[in-house]
Structures are given as C-alpha cells and as structure tokens.
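>>> just coords:
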C-alpha cells in the first residue's frame, strides 16, 4: 500500500519554495568564507531553478514552470530556452557528452541531443521524478517518488522500469518503508549506478540498473539522502548529503561510507566536488565547502547563502569551477582555492 504523504517529500519541497524553520551551523575546523561568490544568472523574484549540469563546456539548468536555461561558455553566461513543450516543474537535469535529459513533475521527461531542440518524451510514467543521470554512451537512470527507478539505453528516448524489489529490503519494524522515495542517482561510464533517498537508502547496480544490491539498508529513523556525488577512480572522495545535516563520505568510490557529524539541523540539498579537492554542499539557508577533500569545512556566509536556498550544484569539468542554482532563478559560481 502506498503512503499518501511521504515523510521526506515535504521537507524537500518546503526547502525548494523557501519555507522552513531557520537553522544554524557552526564552522567545522575552520573560519567562515566570504568574498567568493559570483552571480552568473540573476533570475527574477518568482522564478526557481532546481538543478544544473555541465559537460564539455556546456551547461543546462532547469526549474519550475518548465524553465530551461543553457550556457555555451562553461557557465559564465546563460540564456533561457523558449521550448514550449511543457510548463511542468523540471526537478533534475543531467548532461553528458551529446545527451541532455530533464525530469520532473508528473513524470515529465525532456531530452535533447547537441544541435537539436528539446523534445518531450510522453507515456513513461506519472510518478514525480526527482533525479536523473546519464553517461557518455547514453545509459540513463531516473528516480522518483514511491521507489520509482527508470532506465534508458538511448539517451532518454525510451524507458523501462528498473526498480529494485523494495519490499525485500523494507524495515520490517516500520510500516511504509517498502517504497522509499528516491532523490539521487549517478551513472558512470562503466555502467555503475548509485541511487539514494528516503530512510537513508543507498543502493548500487554494477550492471547498468539490471540488478541491485544495498550499500546502506533502509532504516526508518535514518535521515533522507537528497544528493550523491561519486568521484571517478583516483579523483578523491565521494559524498552523500541530506536531511538535518546528514553527510556521508566514501574513500573507495561509494562502496563504503562513513558518517561525518556536522553541527547543523539544516537540510543539505546538493553536493559536488572537483578533482583538486574543492567540495561544495548546498542547502536550505546553508552552504559549506571544503578545500581539502572533506578534511575540514567552512560555511559560506555571503550574499543570500544564509537567508535563502540553493540546490543543484555541479562542477564544470574543463575548468573545475563549481556553480549552483536555486531560488529566484539564480545561478552563482563558488570560488575555489
């Protein structure tokens, strides 16, 4: 039986519309950072950007009302796309090579190949999709509410269900844990897929979303994971972040995880890292970063990072610059070391 009200979903949605209790954080092992934010897209008051993604010097950002913005210069400038295909909220986007995929409300899926226009993919699902990832060969995985997992082998043009047998992994002591909302997904070029979400669930597939194994089991009292970053081999730590300051760090590409106690009750919403050890975590009235691959952390106290929210965050691969998208349709760049 499906839960009509998810425990984690209201927390995420509340954060994205700017509603929620104020939160506090203390800097861990370092002082606060200031003077490192550059505004790359100003946005407008009632506009919202949820996610962004980069590949080969090009960027895509998506948000409410079907909003799509693109960058051709590694995120320095952005231009809204008048695609006219949907006005549903787009909640996640992934770009890799020639493939761009956006997903969102009521199962909205949009795809684009370089040099072509955005296309709406219809008839896949009506489930709200919270996350998507694609690799350079076109293997894509989208995740969403009630344990939804969908797989594409052609860059998002067609999809098949690929959800784990959630009932097998449910917390036997708690009703309602058999269909955890899934918020985060990564797909690497070897076809290794990592998904994460409600009740601290973190699962992996080594065969392109054909079969699944739990990395962290579903436990009713575990914080929800909203975002996962998996480092390429030899390029530093991997990170998972989420509800009430949840932060997990992996030194082996996501096979084993250690919890870092972070002094905050704020919801972390996004995480990314660059090969030089610069890590940025976004959230609700909070943004933190590390310049030494997670050994120490500082708050970013500048502009609106402590009064509003940013969610989507990604590293522009060619330059290593980190950008984030959020409230009022804003895109900012967070300076490195």
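Cool, got the structure. Bear in mind that the values here come from a model prediction, so they are computed numbers and not experimental data.
>>> surely residue 35 touches residue 300?
No: in this structure, residue 35 is not within contact of residue 300 by CB atoms under 8 Å, at 10.0 Å. To be clear about C-beta, it is placed using only N, CA and C from the backbone, and glycine gets the same treatment.
>>> so for those two, which residue has more residues nearby?
residue 300 (25 against 7; other CB atoms under 10 Å).
>>> what's across from that one in the sheet?
With DSSP bridges as the criterion, residue 300 is bridged to residue 33.
>>> who's in contact with the residue nearest in space to the middle of the chain?
Of all residues in the chain, the one closest to the mean position by CA atoms, centre = their mean is residue 227, 4.5 Å from it. Neighbour list for residue 227: 183-184, 240-242, 268-271, 313 [criterion: CB atoms under 8 Å, 6 or more residues apart in numbering].
>>> also residue 217?
Neighbour list for residue 217: 169, 171, 200-201 [criterion: CB under 8 Å, 6+ apart].
>>> sorry, back to before: so the residue nearest to the centre of the chain lies in a strand, does it not?
Yes: secondary structure assignment (DSSP: H, G, I helix; E, B strand; the rest coil) places residue 227 inside a strand.
>>> so it versus residue 65, what's the distance?
23 Å (CB to CB, to the nearest Å).
>>> and for residue 144?
As judged by CB to CB, residue 144 and residue 65 stand 19 Å apart.
>>> which residue ranges form the strands in the stretch 201-337 of the chain?
Using DSSP state E, counting those that start in this stretch, the strands of the stretch 201-337 of the chain run over residues 202-205, 213-216, 225-229, 238-242, 247-250, 258-259, 268-273, 279-283, 286-290, 298-299, 310-315, 322-326, 331-334.
>>> likewise for the stretch 1-150 of the chain?
Counting by DSSP E, counting those that start in this stretch, the stretch 1-150 of the chain has these strands, from start to end: 37-41, 49-55, 58-63, 68-71, 79-80, 90-96, 99-104, 109-113, 119-121, 129-134, 140-144, 149-152.
>>> before we move on, back to that, out of the strands of the stretch 201-337 of the chain, which is closest to residue 55?
Of all these, the one in closest proximity to residue 55, counting by CB to CB, is strand 310-315 (9.4 Å).
>>> shaky segments in this structure?
1-34, 336-337 (pLDDT under 70).
>>> thought residue 182 was touching residue 195, still the case?
Yes: taking CB under 8 Å as the definition, residue 195 is a contact partner of residue 182 at 5.4 Å.
>>> overlap of the contact sets of those two?
In contact with both residue 195 and residue 182: 131, 143, 149, 201, using CB under 8 Å, 6+ apart.
>>> return the member of the contacts of residue 227 nearest to residue 56.
Taking CB to CB as the measure, residue 56 sits nearest to residue 313 out of the contacts of residue 227, at 18.6 Å.
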